[in-house]
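Chemist: here you go, sequence then predicted model.
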Amino acid sequence: MSVDPTPRQREPAPLLSVSLERHATATLVRLSGELDMASGPELDAAVTRVLQPGQGCVVIDLTAVTFCDASGLSALLRARRRVSDAQRRLTLSGACPPLRRLASLTGLEDLFDD
């Protein structure tokens, strides 16, 4: 019996999954997983895709976000700024209590619309 001395490298599971649903008056961005420094660029890329054809409001659904740190909150702020710069409206919905607490501690309670 031979044993391979080199351990197999596993692909890391995605920390954040992003799905887009385009509707006539809005685009829904559903986030699932962890929103932090490592996954913030995925949200940035999703916002870029949403703003390309550009019309209607943007809704980011945070219901399935299981973790968000200060870097993740910063990614949400970047999204808000970019959507606003494109003269569109951003709504953040479904934030869990820990994320709302983080926003409250940083003075960003008004970040969430619901």
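Modeler: Right, received. Where do you want to start?

Chemist: longest strand in the chain, by number of residues?
Modeler: strand 57-68 (DSSP state E).

Chemist: what's the mean pLDDT across stretch 83-99?
Modeler: Mean pLDDT, stretch 83-99: 91.

Chemist: quick one on the thing from earlier: CA atoms of the next helix-or-strand element following the longest strand of the chain as CSV?
Modeler: Note on strand 57-68: by DSSP states H and E, the next helix or strand toward the C-terminus is helix 70-85. Extracted as CSV, the C-alpha positions of helix 70-85 are listed here (Å, rounded to 0.1, in the frame of the first residue of the first chain):
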residue,chain,number,x,y,z
ALA,A,70,-16.6,45.9,10.5
SER,A,71,-15.1,45.1,7.0
GLY,A,72,-18.5,43.7,5.9
LEU,A,73,-20.2,46.8,7.2
SER,A,74,-17.8,48.9,5.2
ALA,A,75,-18.7,46.9,2.1
LEU,A,76,-22.3,47.7,2.7
LEU,A,77,-21.4,51.4,3.0
ARG,A,78,-19.5,51.2,-0.2
ALA,A,79,-22.5,49.7,-1.9
ARG,A,80,-24.8,52.5,-0.5
ARG,A,81,-22.4,55.2,-1.8
ARG,A,82,-22.0,53.6,-5.3
VAL,A,83,-25.8,53.1,-5.7
SER,A,84,-26.4,56.7,-4.6
ASP,A,85,-23.7,58.0,-6.9
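
Chemist: could you list every helix and strand in contact with the helix or strand following helix 70-85?
Modeler: The helix or strand immediately downstream of helix 70-85 is strand 90-93, counting by DSSP H and E. In terms of contacts (3 or more CB pairs under 8 Å, 6 or more residues apart in numbering; DSSP states H and E), strand 90-93 is packed against strand 57-68, helix 70-85. Every C-beta, even on glycine, is put in place using the N, C-alpha and C of the backbone.

Chemist: now do 10 Å
Modeler: In terms of contacts (3 or more CB pairs under 10 Å, 6 or more residues apart in numbering; DSSP states H and E), strand 90-93 is packed against strand 26-35, strand 57-68, helix 70-85.
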